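[1] sequence-free structure coming up:
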């Protein structure tokens, strides 16, 4: 059976496993004070062109969103996200669990519009009762979005400006950042992200790591006593080295973006095939998630031979389905799928 | 200056103050174990036609929503409310503070549609990823709603049925329940509310009490160790008698609904006057909140002589404003306002 | 049956009820923006000799402790209290409910020793693993303590100095502050409390008010957006006037301390009688709580005719019991009790 | 420089890394639904002699304690632990962060006494005010304890009986369970632990895994919707396979206990050497943590050549220090250390 079910179906890029084997018996301090984390931090700072950035490694995406958002918000503040944002829908209430509301604004193919954000916040502060409401404190965007779409540099700048106008922070969820950085037409660099946000994470789980995400707080922006709060959230790994080693490898010789390209190449072939066969896309994008609308009968027959991800109900007779590629996708599997269509 | 700013601008109905004075030096146990609370509970049970109902007294509306919703939900559940529900917007994130998400459905003049609720919950359970999402556990409605509108008995039954179909609980916020019970055309009794919900509260703060709300859990439905959880929320009054005395008075000889009528009478006069003068209503209703759309200039001039509540921005040149009446509103003030229009 | 069960068995001082009656139909804005709160704030500032103090009114003691402590602590901090502190034991986990640990130090007749506090905090910061532990952020003391004892001015200054040495805040729970201020031998004034703490509350519930506590943040120390956080905790009363009126009355012509004296006078008579009859005190104090050790048989027979408060188990055959007096205690009841002994 | 700083200084047992390499490109579903987790679960059930046990894999120890304790407690309950329990002291308030109090009882070389537990709970329920206090709901013990000591089977049974008498649950933190199972004189088997507790975890991070802990809920005891609550805590790994693979290897052919023996052998040599040289132990134990009291000068000179863990301040001139061994400790390092002493 073929599988395009997601971009975390396999283990890690072989170079990552090699590094585990190679360094296995080297003794290192715990909790991220090891030499691998130190080295990885330096490489990430360089890649972000921000020598003053704080870098912290966490295990997974929802955990990262939860810890970063909770520690960056004041108690009376909430996070503004698209109604389709991962934090809004697919984290089982992890943000609310920390006591903060997710305030939603409309989405456009998964993206937030700077004008709509500005209007939302302006309306909030103009409301004479806003002291009885949750203050917007931080804006959450994902890049690529949950729909695989990308912000342009212009759009990102506009969001930054809207945030600055109202004193809000900007946080970017980069679970699939690698696939965005190498997507055709993308004009946003890692340095742009570092320059324009107050915090973001470079996703490892979906881009070559076994597990792990690298949180970056540009311009020494990490909240005070962050390590204690990470521990308090149950998110501090004793063996921080496990995360450090992986990012050290991924940020050596641009491995992170080099391996991301495979996902795009495979997705492009798939997109072309779907287009040729007349399939409809739920949303068009240039990254590694191909979102296709299938009639339910086709979905039922296809899922017997190809594993995909249920995306959403479109109408009574149609379902949107995701075909995800990754650094590990084999072109022969893509071709086998194309034949099946 | 005239004031129609809200329905909690005055103190308490004189009979309530009389009772305070009369019982002042009677010694009673604390924390709701006093004779007044016991008597009030009995009277409320009788009024609800449910001799097995648990009744608990709390100080305010947001507190009541917070404590009741938090203690009725499982940790993985959220509360479903209209996007205009008080818990969704105007409680400063009090529900999220307790770790629970407010899941929103559309509103129709402040009301939830049973069909839309059913569709929302059905879609949730049909979603193959719903284990990664917040489970709907309890439905929150207000009656009268934030827009002063009322559910019909038929609509309430339909909501109950939708809840039963999916194993959800139903909770009714009755901050202004008194004004709903006596509104023209209302066909929902207190006994109906008790029969059709799993919990509700009878609002005192806005209907004759100094402060206080009476939470009713029909059919012995109060969560186990409720008093300890109320204390844990900081919501247990040492002098529970203060709440008991008031509800004992309000539920003697139907004082609660008798005094509510004044608000309706006054609001009716006001509504007629607005209609006659050609004003537009934001929403039409039959209870004590008159929601009028004013052009901004009119709003600015009017607010110099009449205190009202800012409601919401309608468009660039119009604002919705609330004129609230209550048990304490004097007809002479209503007439003075009518003259001003 | 006689009752010395607590100091909140009656309603309010008659002057408070008079004020409710007198002001009942005066229309005022909600949420503490009314004229009564404004006037009470001014009077409290004057009584505290701190014209810059922020004053906020809340409904009850546990609520006040919860809101104040939660909003004054950073997320990674806990509150240091005596192991017998009200927040440590008798608030059903209200502090932990807000996510903060109560860190305990030993008690000496209910009081915290400045030297022990200093040692505790010094040891914490000297511990090489303290980043994995809860940081002490604020010190909680009660005055009078749970055992009715009082800090001397010298002891209070020593605690302040210990806090300053380590950058901690100092918060004083004054649920029974009135009884402390007028106790024989007390050398701590309201102005001293304001000068030496970062926050404290003046208890109303137990000293003449129907309900209510006045939180004081000396030197403009109220946390930013406090009103929103109070709302978020479910603790914001719509009718803030209810609290303002009472403190306005209690702080007119020193009513607060004048009525407190009755409790002390009654307690003194009681103490003398117990002493004369050879009863043993659990702890000796000069305020309104008389803590007596009874053998269990005596306790069982006495509780048939006098209501008291179970305090704690002393040993297999003895129980400590509290006899509380208040502003409302009648000397004839005290004399009746003395006869019974 | 020699290091005995902890038992998580290295990577993973080579067999674990081999398995990562061998299975790397095998495609598997996420979130623990993979074949490796399924296989590991079966092997753990067999090792526990409980075919009905629920098994769930989490990333780290504090996370596991936080998620398990929070999901097993009712909202009004706290966890009872020794005052030296890991959850009491060294988890940065992770339990309180979830809203629950840690209730402490005395420790005896790190262990809880069943009689003292029973007395604590009996006193709680006998207290007439216990509705205003945090209910004990679950007992937390660690085995080996934080001091490396072990419960005997008899002691474990006595704790179970004390729990049963009062309706409490029993949870065992097995961060170093492997080292306990093979310690000389230990008479507690994995099957005993499964039979006598309501939940426990088998530590992987410190016993051969790269990261990971296996939570066991004997007798189908996993809380309903556990996966959703794990996600809500930010603790659900997308690549659950990473945890499953490791425990599958560790529970094949008793690898888990076989590799644990090395730690004990090394610690025994160390203990003998310390004893011979006249060093004093803080606590004597038979597992992999050797706790030695050093005078401060000796500590300062030793730490220049051997990395150890600061344990606690003993007095003005002495510090307790931990020398930890593990599955990875080399006997040559032990011998080098012995020479240094």
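    Arrived safely, thanks for sending. Just so we're clear, the structure is a prediction, and the values are computed from it rather than from any experiment.

[2] now the strands for chain A?
    Applying DSSP state E to chain A gives strands spanning A:2-3, A:54-58, A:77-82, A:102-105, A:135-142, A:169-174, A:199-203, A:213-217, A:280-283, A:289-295, A:306-307, A:309-315, A:318-324.

[3] Switch those strands over to a markdown table; also include mean neighbour count and distance to chain B.
    For glycine as for every other residue, the C-beta is placed from the backbone atoms N, C-alpha and C. Shown next, in a markdown table, are the strands of chain A (neighbours: other C-beta atoms under 10 Å in any protein chain shown; distance: least, C-beta to the nearest C-beta, whole Å):
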| stretch | mean neighbour count | distance to chain B |
| --- | --- | --- |
| strand A:2-3 | 18 | 15 |
| strand A:54-58 | 25 | 18 |
| strand A:77-82 | 26 | 6 |
| strand A:102-105 | 22 | 8 |
| strand A:135-142 | 25 | 9 |
| strand A:169-174 | 25 | 15 |
| strand A:199-203 | 27 | 17 |
| strand A:213-217 | 27 | 17 |
| strand A:280-283 | 17 | 15 |
| strand A:289-295 | 22 | 14 |
| strand A:306-307 | 18 | 12 |
| strand A:309-315 | 16 | 4 |
| strand A:318-324 | 22 | 10 |
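
[4] I'd like to know which of those strands is closest to chain D.
    strand A:2-3 (4.5 Å; C-beta to the nearest C-beta).

[5] So that closest one, near chain D or not?
    Yes: using C-beta under 8 Å from any C-beta of the partner chain, we find that strand A:2-3 touches chain D at residue A:3.

[6] Would you mind naming what in the stretch 1-150 of chain A lies close to chain C?
    By the rule C-beta under 8 Å from any C-beta, the part of the stretch 1-150 of chain A lying against chain C is A:70-71, A:74-76, A:99, A:131-133, A:135.

[7] Settle this for me: residue A:123 is touching residue B:313, isn't it.
    Yes: contact criterion C-beta atoms under 8 Å: residue A:123 and residue B:313 qualify, at 6.3 Å.

[8] Mutual contacts of these two, please.
    Overlap between the contact sets of residue A:123 and residue B:313, as judged by C-beta atoms under 8 Å, 6 or more residues apart in numbering or on different chains, is nil.

[9] and the gap between the residue in the stretch 151-300 of chain A that chain B sits nearest to and chain D?
    Nearest to chain B, among the residues of the stretch 151-300 of chain A, is residue A:299, at 11.3 Å (C-beta to the nearest C-beta). Residue A:299 is 18 Å from chain D, where distance means C-beta to the nearest C-beta, to the nearest Å.

[10] ok so, going back, mind putting the strands of chain A into a markdown table with distance to residue D:46 and mean pLDDT?
    Compiled in a markdown table, those are given as follows (distance: least, C-beta to C-beta, whole Å; pLDDT from 0 to 100):
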| stretch | distance to residue D:46 | mean pLDDT |
| --- | --- | --- |
| strand A:2-3 | 30 | 92 |
| strand A:54-58 | 34 | 98 |
| strand A:77-82 | 45 | 98 |
| strand A:102-105 | 43 | 98 |
| strand A:135-142 | 42 | 98 |
| strand A:169-174 | 41 | 98 |
| strand A:199-203 | 37 | 98 |
| strand A:213-217 | 35 | 98 |
| strand A:280-283 | 45 | 97 |
| strand A:289-295 | 40 | 97 |
| strand A:306-307 | 30 | 94 |
| strand A:309-315 | 33 | 92 |
| strand A:318-324 | 35 | 96 |
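
[11] domain parsing for chain A?
    Chain A resolves into domains spanning A:2-8+A:257-340, A:14-255 when parsed by automatic domain parsing.

[12] Show the end-to-end separation of the last one, please.
    Distance across domain A:14-255, first residue to last, is 11 Å (C-alpha to C-alpha, to the nearest Å).

[13] same question for the lengthiest helix in chain A, mean pLDDT?
    Determined from DSSP state H, the single longest helix within chain A is helix A:255-276. Averaged across helix A:255-276, pLDDT comes to 98.
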